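>>> Sequence unavailable; structure follows:
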């Protein structure tokens with residue numbers, strides 16, 4: 001699936017549903033899926049600027065949402081890109097879990 005399309009789907013899901021209608025589990029799961037997509041693109045050495053352009057077009061112009069997505073990209077690019085598929089898969093899973101953990105911890109506050 002095209003990386004851009006994955007981000008648009010995730011953005012529509014996260015932004016299109018009112019916060020009161022979504023549980024923290026649903027929200028954090030969706031955030032985890034976005035994190036997977038971002039880290040997968042990072043592991044494929046996708047140009048970071050292209051991902052940032054996509055993030056800038058998400059959230060119907062909501063700067064808070066755009067900044068949230070941009071932070072996920074920055075965090076992903078702070079981690080290494082691996083050469084073997086096994087290590088790439090592990091990096092994607094770990095990053096998604098780390099982002100979901102932060103989401104759930106933030107939801108408890």
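Alright, I've got the coordinates. This one's a predicted model, so the numbers in the text were calculated from it and none came from an experiment.

>>> Run through the neighbouring helices and strands of the helix ranked longest in the chain.
The longest helix of the chain (DSSP state H) is helix 85-107. The contact analysis (3 or more C-beta pairs under 8 Å, 6 or more residues apart in numbering; DSSP states H and E) places helix 85-107 against helix 24-43, helix 63-77. Quick note: C-beta positions are derived from backbone N, CA and C, even for glycine.

>>> Give me the residues contacting it.
24, 27-29, 31-36, 38-40, 43, 72, 75-76, 79-82 (C-beta atoms under 8 Å, 6 or more residues apart in numbering).

>>> Let's have the helices and strands packed on helix 85-107 in a markdown table, adding mean neighbour count.
Output for the helices and strands packed on helix 85-107, formatted as a markdown table (neighbours: other C-beta atoms under 10 Å):
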| stretch | mean neighbour count |
| --- | --- |
| helix 24-43 | 21 |
| helix 63-77 | 17 |
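
>>> Distance to residue 102 and mean pLDDT for those helices - can I get that in JSON lines?
Formatted as JSON lines, the helices and strands packed on helix 85-107 follow (distance: least, C-beta to C-beta, whole Å; pLDDT from 0 to 100):
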{"stretch": "helix 24-43", "distance to residue 102": "9", "mean pLDDT": "93"}
{"stretch": "helix 63-77", "distance to residue 102": "9", "mean pLDDT": "90"}
